[in-house]
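Undergrad: 3D, please:
(chains A and B)
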There are 2 protein chains.
Amino acid sequence: MKIKQDTRFLIIGLGLIGGSYAMGLSKAGYSVFAIDQEQEAIDYALEKQMIVKGACTDDEGTVIALIKQADCILFGLYPSAILPWISRYQQYIKSGALLSDVSGVKAAIVPSIQAALRNDLEFIGAHPMAGKEVSSNRFSDPSIFKIANFIITPTEKNSSAAIAFMKEFAHLLGFHHTAILSLQEHDRMIGFLSQLTHIIAVALMNTSDNTHLAEYTGDSFRDLTRIAKINEQLWSELFFLNKPVLLAEIDAFSKALASLRKALAEDDEEKLKELMRLSTKRRKVFDQKQEEHN
Amino acid sequence: MKIKQDTRFLIIGLGLIGGSYAMGLSKAGYSVFAIDQEQEAIDYALEKQMIVKGACTDDEGTVIALIKQADCILFGLYPSAILPWISRYQQYIKSGALLSDVSGVKAAIVPSIQAALRNDLEFIGAHPMAGKEVSSNRFSDPSIFKIANFIITPTEKNSSAAIAFMKEFAHLLGFHHTAILSLQEHDRMIGFLSQLTHIIAVALMNTSDNTHLAEYTGDSFRDLTRIAKINEQLWSELFFLNKPVLLAEIDAFSKALASLRKALAEDDEEKLKELMRLSTKRRKVFDQKQEEHN
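TA: Numbering: from 1, shown residues only, chains lettered A, B, ... in the order given. I've put the predicted structure just below:
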């Protein structure tokens, strides 16, 4: 399917992802509107022709007018901010509109959003696995999607039309790969691949004050800790919203670490080598799958 | 000082680092000789004009002839292989020759090598902090030194002439930065920056069989586990030779990880954010020092 050219997109929250969505959609010829808490973000988006029109949250009249005419509303907000927004503004949304998000957690938010939503509206979860080490729409750049996965997390409440729309949306924005996962599959995947890695990077930086060693750092340390510069507001929210999964992942990792420590402490060279061979073998599978995939 | 142009270098072990040394020194106009266990490695080095002459370990006569005429002997061997080599061959080394190594651990090997060495010879520890994910001299490339640190680890047994020689050697090969550390300082630095990071990467791959998630991996997971493909022979040796330091680092890291887990488990949002702010602050210092340094 093609997304109709007269579809009006409304982006709530012009951060890095919201801004990059706006830029990509505008370049593809769609009319994009936006609401943000900061007038500056709106002004910048207008100046760069990322949007046709925008409103600051304060400007209630314009906000409502923009909501009323939107066919597709995309939340670039923190996960916990979506439900309150819907409670407050859904009365103004056009019947039949499609809503989606960019949140990095799903099971904790999608069912409650879908339950709260009017019956003539549809919300479908999505997670563009893209980002930069910086936020703000000043760094907007749809090319970040070129190497990224777009995960769609439909529930039994979603229509096949909505799934097809989101697939086409991902295609339009140039995502490298699109996948469909259940809410739980998504959260387990992200708990391991993303959340656990961020916890590890933070723990490594917190191990001791080794900042005096900065001049000696090689690639491995830099790579492991690149994500240790972390937005604590967003990530504490993501961690708490996926708490049982993340706790289980931390425990499984701690167990793997304890096995290595034990082999080292007990001079069990064979065991230590066996554990490294397992790691090497698994990591090679990742390389292979990555290559097949690209 | 300048290293005299007629200095004859002998490289023992033509792996990635030994081969890159050979290539860099030959390009700088020095006469480089080599001994390796594999005839193939010698043949390749001759073909690529990395060395003037080489000998396979089997060829005792040529090996001894090469040792006798060397002014500077560089060990590209595994750390534990150096002392046995010296015991066997030092009788043939020219009086006044300088010996050095490339080992990633120091306190466990340098004092015993220096103690075993003839009084008219000098051994000075060095660690070129460079590498690739591959071994073998087929990947030799002195440009890997351009972004790398060269650490010299002199003891009270070393002369200022030897330290000056190694500094000039690092300069000649194009190392980015040269530093002088004690054996213990080196091992603590490497225990944290390199060994702990490799242990963490291996533990992360061993956490569970998540190879089916390969298609969803983003940069953070790929970066953290790049070093999880690991040469278990070399690294188990490096880990055991720095065991007390590494065990202490693993324990400090585990404690930092446990703090994060506790904050998450107990819904202590303020504590979790505080730990992330500490991580961010420290990581920014690394970025700054890195920038100043470059």
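
Undergrad: going forward, measure contacts and count neighbours with C-alpha atoms only.
TA: Fine.

Undergrad: Taking the stretch 101-250 of chain A, what residue is nearest to chain B?
TA: Nearest to chain B, among the residues of the stretch 101-250 of chain A, is A:Lys229, at 4.0 Å (C-alpha to the nearest C-alpha).

Undergrad: Quick check: nearest residue in space to that residue, chain neighbours excluded?
TA: Counting by C-alpha to C-alpha, 6 or more residues apart in numbering or on different chains, B:Thr280 is the residue found nearest to A:Lys229 once chain neighbours are left out, at 4.0 Å.

Undergrad: ok, now A:Arg118?
TA: Nearest one to A:Arg118, counting by C-alpha to C-alpha, 6+ apart, is A:Gln90 at 7.5 Å.

Undergrad: Need the contact partners of stretch A:151-168.
TA: A:1-3, A:98, A:106, A:114, A:122-129, A:178-183, A:186 (C-alpha atoms under 8 Å, 6 or more residues apart in numbering or on different chains).

Undergrad: In PyMOL, how would I select just the buried ones from those residues?
TA: The buried residues among the contacts of stretch A:151-168 can be selected in PyMOL (16 or more other C-alpha atoms under 10 Å in any protein chain shown) with this line:
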select buried, chain A and resi 98+106+114+122+123+124+125+126+127+128+129+178+181+182+183+186
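
Undergrad: restrict the contacts of stretch A:151-168 to those near chain B?
TA: A:Met129 (C-alpha under 8 Å from any C-alpha of the partner chain).

Undergrad: what stretches of the stretch 51-200 of chain A score poorly on pLDDT?
TA: Within the stretch 51-200 of chain A, the stretches with pLDDT under 70 are A:132-135.

Undergrad: could you redo the last one with a cut-off of 80?
TA: Along the stretch 51-200 of chain A, segments meeting pLDDT under 80 span A:131-139.

Undergrad: circling back to that earlier point, what's the host helix or strand of the residue nearest to A:Lys229 packed up against?
TA: Under DSSP states H and E, the secondary-structure element containing B:Thr280 is helix B:269-293. Applying 3 or more C-alpha pairs under 8 Å, 6 or more residues apart in numbering or on different chains; DSSP states H and E, we find helix B:269-293 packed against helix A:197-206, helix A:232-240, helix B:243-265.

Undergrad: what comes up buried for the shortest one?
TA: Of the residues in helix A:232-240, those with enough neighbours to count as buried (16+ other C-alpha under 10 Å) are A:Glu232, A:Trp235, A:Ser236, A:Glu237, A:Leu238, A:Phe239, A:Phe240.

Undergrad: Now it: average pLDDT?
TA: Per-residue pLDDT over helix A:232-240 has a mean of 96.

Undergrad: Any part of that helix near chain B?
TA: Yes. Residues of helix A:232-240 contacting chain B under C-alpha under 8 Å from any C-alpha: A:Glu232, A:Gln233, A:Ser236, A:Phe239, A:Phe240.

Undergrad: Could you do the first one as well?
TA: Yes. Contact of helix A:197-206 with chain B is found when judged by C-alpha under 8 Å from any C-alpha, involving A:Thr197, A:His198, A:Ile199, A:Ile200, A:Val202, A:Ala203, A:Leu204, A:Met205, A:Asn206.

Undergrad: mind listing what the first one touches?
TA: Taking C-alpha under 8 Å, 6+ apart as the definition of contact, the neighbours of A:Thr197 are B:Ser220, B:Phe221, B:Leu224.
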